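[1] quick one: sequence and predicted model below, then my questions.
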Amino acid sequence: MTIKVIKTEEEYNQALRWLEAIFDAPADSAEGDKAELLGVLIEKYEDEYYPIDAPDPIEAIKFRMEQIGMDKNDLAKVIGYKSRVSEIFSRKRKLTLKMIINLHEKLNIPYESLIVN
């Protein structure tokens, strides 16, 4: 297979199969270089044809809480009152700028996940 820009689903599937075959090649080898290049081309194709939307801010918060074993009482210490947590989770209140900054700084949640367009 010749390495080239992936334009069709068939080429995409071929590239995936080829990458799978050479995936464990040493990084400093010709096969390793091919694997790296294929990875870049596959990522470009997936970004264009299989985009992944940013997570919903509330779901991002819940996910991070689960990751670090945090409960709603702990979250209240980050964003304010316990009642605010309930209002935010029930989507009755939006995140304020201060809350977004605190969530980013204290829980390491990316700003992009907390700000809705």
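    Great, that's in hand. Numbers count the residues shown, from 1 in each chain.
[2] now residue 27, nearest residue through space, not along the chain?
    Spatial nearest neighbour of residue 27, excluding adjacent residues (Cβ to Cβ, 6 or more residues apart in numbering): residue 36 at 7.6 Å. Where C-beta positions appear, they are placed from N, C-alpha and C, glycine not excepted.
[3] tally of neighbours for that neighbour?
    The local packing of residue 36 (other Cβ atoms under 10 Å) involves 14 other residues.
[4] and it, what helix or strand is that in?
    helix 30-49 (DSSP states H and E).
[5] could you give the average pLDDT over that helix?
    Averaged across helix 30-49, the pLDDT comes to 94.
[6] once you drop chain neighbours, what's closest to residue 103?
    Spatially, and ignoring its direct neighbours in sequence, residue 103 is nearest to residue 109 (5.0 Å; Cβ to Cβ, 6+ apart).
[7] okay, now that neighbour: neighbour count?
    Neighbour count of residue 109, defined by other Cβ under 10 Å: 20.
[8] quickly find the element holding it.
    Element membership for residue 109, per DSSP H and E: none, as it lies in no helix or strand.
[9] next one: residue 67
    For residue 67, the element it lies in under DSSP H and E is helix 57-68.
[10] list the buried residues in that helix.
    Along helix 57-68, these residues count as buried under the neighbour rule (16 or more other Cβ atoms under 10 Å): 57, 60, 61, 62, 64, 65.
[11] now the fourth one. Nearest residue, chain neighbours left out?
    Counting by Cβ to Cβ, 6+ apart, residue 89 is the residue found nearest to residue 62 once chain neighbours are left out, at 7.8 Å.
[12] from residue 9, how far out is that neighbour?
    Using Cβ to Cβ, to the nearest Å, one gets 39 Å for the distance from residue 89 to residue 9.
[13] contact partners of stretch 81-100?
    Contacting residues not belonging to stretch 81-100 are listed as 57-58, 61-62, 72-73, 75-76, 79-80, 103, 111, 114-115 [Cβ atoms under 8 Å, 6 or more residues apart in numbering].
[14] in helices, which of the residues you listed appear?
    Among the contacts of stretch 81-100, DSSP state H puts 57, 58, 61, 62, 72, 73, 75, 76, 79, 103, 111, 114 in helices.
[15] I'm done for today, thanks for sticking with me.
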